[in-house]
Structure formats: C-alpha cells, structure tokens
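Peer 1: For reference, the sequence and a predicted model appear below.
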Amino acid sequence: MAGDKGAKITKREMFLRILLKSLKVRKNRVFITFFSIMIGAAIITALASVYFDISAKMSRELRAYGANFFIGPASASGNRTVDTGTIGEAVKMVPPEKLAGASPYVYGVVRLDLGNAVLAGVDFAGLKRLSPYWQVEGKWITVDFDDESCMIGKTLAKNMELKVGDSVTVIRNETGFQKSLIIKGIAETGQAEDEQIFVSLPLAQKILGMEGKANHAMLSIVTEGTDIDALAATVAGKFPVLDAKPIRKVSSSEGKILEKIKGLMAIVAVIILTITTLCVMTTLITVVSERTREIGLMKAIGADDREIVRQFIAETLLIGVAGVAAGLVVGFILAQVLGQAVFGSSISFRMIVLPVTLIPSVAASLLAAVLPVRMAVRVVPAQVLKED
C-alpha cells in the first residue's frame, strides 16, 4: 500500500516537473499561445460586455429621436380632448427611470400678425427631453409658467419674417383672446412642427378656451426591460377614457437596429474564436514537432497514450485559463473604451460575461489541441529514438 502510494506521488511529481519544464523551456511558444488566447478572450469579453449592456444603452440613445408612445382620448368616446389630470395620472404609471420625456399637447388655429397658424400648447421641460434632436436658434423656454414668451417653427418664422427677439401677436377669434409674445427660439424639426407656434400648456388652454384639457400626450419610454404593449394595456384598462399605444414604426425600428448590432457582434465573436483556435493549433503542432523525441522517450520508459494526452491537455488548460484571466481584465478595459467612444458612458460589469468568455475560450483552446495531441499519441518510440 505504502509502495503504491509512493509510486503515485512519484508519478504526480514527475508529471508536474515535466509540465513546468515544458512551459519554462519553450517560453516563446507558450507566450504566443497565451497571447493568442488572451487577445481572443479580451475581444469576446469586450463584445459580451457591450452586448449585454447595449439594449439599455441603445434604447436610451434612440430616445433622442423622438416619442415612441401615445396617450389620447379613447376613439370610442368620440371626444377630441381629455382632462390633463387624467393624462398626468396615466404618465405616472410609467416607471420614472424608464421615462425619458413626456409632454401633453393642445392644438388650435390662431391668427398672427401676417396670417393664421397652428398653436401648440406644450410642457416645455418635457418637450425638450422628448425632442432633443430639434435644432433651436435662440433658446428653449425652460419654465411652464412663462406666459410672455413663445417658440416658433423655422418655416413659420420664414413665412412671417420673424426672428428671435421679435414680438408676435396671437389672436383667437372664437374667444376674442389677444396677447403679444416674445419669440425666444426658432425650432427646426424637419416635420410639421416647423409650421407651428409653441406656448406653455396653461397659456394655450387660456387662448383656446380649453382650460384643463389636452388633445393627447406623447411619451419617450426606454424600451429595454419594459413591455410597452403590456403598459399600454394597463393604462387603457385603468383609464377607459384613454387610448394608450406604442408608436409601432419607432418601436419596430429600434428592435431591428438592436438585433442587427447584436447579430454583427456575435459574428465577430465567432470569427475571433476561429482565428484564436487556428493560431493556438498551429503553435501546438510546432511544439509537438519539437518534442517528438521527448515524447518517444516518455513512451519508451513506460508512459502510455493516456498520460501523453493528459500532459498536453494540462499544458493547454494552464495556458488557456491564464490567457482567459488576462483577457477578461484587458477586455473589460476595452469595453470601457468602446462605451465611452460610442455611448459616452461606462459599460457595467455583468457576471454572465465570465462564463460567456471562459467557456468558449477554453473550449477553443482544447479544440485547438486535438490535432497536436493526436500527433503526439502517434509518435513511435523506436522510430524517433533509433538515431540515439
């Protein structure tokens, strides 16, 4: 029993000694293998980190392109307006961290100095978050109690020869309301808003004689982690006087963009793994060729094929795990660089990145060792040692 135990310890010690000597003597080959695995693991780590963060990041980035959710009076009711209080309660049902911006709207036709125009009453603070893509000459109106200022669309300003700082008179024939306003900003949107004049919601309601009413509300909701169809159903269920629905064209475009980007990242990851596997395989084949006589000697003194396989697999695993560990660190740093360059923010570390990087990288390393190990097993001691 003691003798068997001593033999086992001797074998284990011999195995470790050969393993360490192989790594020490062939430093250049080991470094090439380590570096190849590290680079592959680093790129996979970076891509995986961005991949799992991209839904949230892209969803927020896409919110810069306008509203994706509509709340208005139920079509079955036949009403064209709804209480702003009801709209406000509906908007509160959206989680605050998911709401990028929101504004109620009330519309009506008014007469300006040189002709008629569409007046839009809005929540300016919400509108600015809702439509950050607007190009504004001058300034945004920043407070909703400002009833002395307005913003106008670029086309309307051009047609009526108005500029920032000018005074414009707004007249509502139906109510007889008349008020002079100062133009604080001229907005270019590329849409129908270019032909409208914007004032605060309370002022618009007063001008149009629609106190406490709004035509609808537009919302910008971060879709990552949010089922907006379920949200729409919940809002409509709680407030039967409202219709709530996502703007399909915008939501669909967001989903397609995200899927294409994710697909591209997955393809790049597969290509990187393939290149890593080929590089490691080429290096290991060279190592086996250099160690042919060593393998022949090991077989001659009693090592069987299983021990030869174990020796090469152990070396590959040791280098592979070390390369992946270094790759995880380098990859996370690379992910931060990508995050700052693309999104202007850092990328969060997610535990799922560890197995996503470790398993494919180590599997690729072991796959790369299959052909070299087969070559090692086929070494015939009598042939390689006959010259000695």
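Peer 2: Ah, there it is. Numbers count the residues shown, from 1 in each chain.
Peer 1: how is this protein carved up into domains?
Peer 2: As given by automatic domain parsing, the domain ranges for the chain are 12-61+256-385, 68-246.
Peer 1: Now do the nearest residue to Ser75 once chain neighbours are set aside against Thr234, distance only.
Peer 2: Residue nearest to Ser75 in three dimensions, not counting chain neighbours: Asp243, with 6.0 Å by Cβ to Cβ, 6 or more residues apart in numbering. Quick note: C-beta positions are derived from backbone N, CA and C, even for glycine. Between Asp243 and Thr234 the distance is 13 Å, computed by Cβ to Cβ, to the nearest Å.
Peer 1: So if I had to pick from the two, which one is more boxed in?
Peer 2: Asp243 (19 against 14; other Cβ atoms under 10 Å).
Peer 1: Who are the contact partners of that one?
Peer 2: By Cβ atoms under 8 Å, 6 or more residues apart in numbering, the contact list for Asp243 reads 70-75, 236.
Peer 1: Quick one: list the elements packing against the longest helix seen in the chain.
Peer 2: The helix that spans the most residues within the chain, counting by DSSP state H, is helix 248-290. Helices and strands in packing contact with helix 248-290 are listed as helix 27-62, helix 305-342, helix 353-377; criterion 3 or more Cβ pairs under 8 Å, 6 or more residues apart in numbering; DSSP states H and E.
Peer 1: next structured bit after it?
Peer 2: Downstream of helix 248-290, the first helix or strand assigned by DSSP states H and E is helix 292-300.
Peer 1: Flag every buried residue along that following helix.
Peer 2: By 16 or more other Cβ atoms under 10 Å, the buried positions in helix 292-300 come out as 292, 294-299.
Peer 1: if we can go back for a sec, in three-state terms, how would the residue nearest to Ser75 be classified?
Peer 2: In three-state terms, and counting by DSSP: H, G, I helix; E, B strand; the rest coil, Asp243 is strand.
Peer 1: Show the pLDDT at it.
Peer 2: Asp243 is assigned a pLDDT of 91 by the prediction.
Peer 1: re earlier: between the buried residues of helix 292-300, which is nearest Thr316?
Peer 2: Relative to Thr316, the closest of the buried residues of helix 292-300 is Ile295; by Cβ to Cβ it sits at 15.1 Å.
Peer 1: how far away is the residue nearest to Gly153 when sequence neighbours are not counted from Ala117?
Peer 2: Beyond its immediate neighbours in the sequence, the residue positioned closest to Gly153 (Cβ to Cβ, 6+ apart) is Asp194, lying 3.8 Å away. As defined by Cβ to Cβ, Asp194 lies at a distance of 11 Å from Ala117.
Peer 1: Report the set of residues contacting both of these two.
Peer 2: With Cβ under 8 Å, 6+ apart, Asp194 and Ala117 have common neighbours Leu156.
Peer 1: Pretty sure Lys262 sits against Val50.
Peer 2: No. The pair Lys262 and Val50 does not pass the contact test of Cβ atoms under 8 Å, sitting 9.7 Å apart.
Peer 1: what's near enough to touch Ala102?
Peer 2: With contacts defined as Cβ under 8 Å, 6+ apart, the neighbours of Ala102 are 91, 94, 123, 126, 129-130, 217-220.
Peer 1: now the residues you listed in JSON lines, with distance to Glu137, neighbour count and secondary structure?
Peer 2: As requested, those are arranged in JSON lines below (distance: Cβ to Cβ, whole Å; neighbours: other Cβ atoms under 10 Å; DSSP: H, G, I helix; E, B strand; the rest coil):
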{"residue": "Val91", "distance to Glu137": "30", "neighbour count": "18", "secondary structure": "helix"}
{"residue": "Val94", "distance to Glu137": "32", "neighbour count": "21", "secondary structure": "coil"}
{"residue": "Asp123", "distance to Glu137": "21", "neighbour count": "22", "secondary structure": "coil"}
{"residue": "Gly126", "distance to Glu137": "21", "neighbour count": "22", "secondary structure": "helix"}
{"residue": "Arg129", "distance to Glu137": "20", "neighbour count": "16", "secondary structure": "helix"}
{"residue": "Leu130", "distance to Glu137": "19", "neighbour count": "24", "secondary structure": "helix"}
{"residue": "Ala217", "distance to Glu137": "27", "neighbour count": "27", "secondary structure": "strand"}
{"residue": "Met218", "distance to Glu137": "23", "neighbour count": "22", "secondary structure": "strand"}
{"residue": "Leu219", "distance to Glu137": "27", "neighbour count": "26", "secondary structure": "strand"}
{"residue": "Ser220", "distance to Glu137": "23", "neighbour count": "26", "secondary structure": "strand"}
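Peer 1: related to what we said a few turns ago, lowest average confidence across the domains of the chain, which one?
Peer 2: Among the domains of the chain, domain 12-61+256-385 has the lowest mean pLDDT, at a mean of 78.
Peer 1: Quick one: distance of that one to the chain centre.
Peer 2: The chain centroid and the centroid of domain 12-61+256-385 are separated by 27 Å under Cα atoms, centre = their mean, to the nearest Å.
Peer 1: With stretch 204-217 instead?
Peer 2: Distance, stretch centre to chain centre, for stretch 204-217: 39 Å (Cα atoms, centre = their mean).
Peer 1: which other residues reach that stretch?
Peer 2: Taking Cβ under 8 Å, 6+ apart as the rule, stretch 204-217 contacts 70-73, 80-85, 87, 90-91, 102-108, 110, 119-122, 147, 170, 172, 174-175, 177, 179, 199, 201.
Peer 1: With stretch 185-197 instead?
Peer 2: Outside of stretch 185-197, the residues within contact range by Cβ under 8 Å, 6+ apart are 110, 112, 117-120, 131, 133-141, 150-157, 162-164, 168, 170, 198.
Peer 1: Swap in 7 Å and give it another go.
Peer 2: Under the contact criterion Cβ atoms under 7 Å, 6 or more residues apart in numbering, stretch 185-197 has outside partners 117-120, 134-140, 150-157, 164.
Peer 1: Now list the buried members of those residues.
Peer 2: 117-120, 134, 136, 150-157, 164.
Peer 1: from the residues you listed, which single one is nearest Met351?
Peer 2: The shortest approach to Met351 among those belongs to Trp134, at 40.3 Å (Cβ to Cβ).
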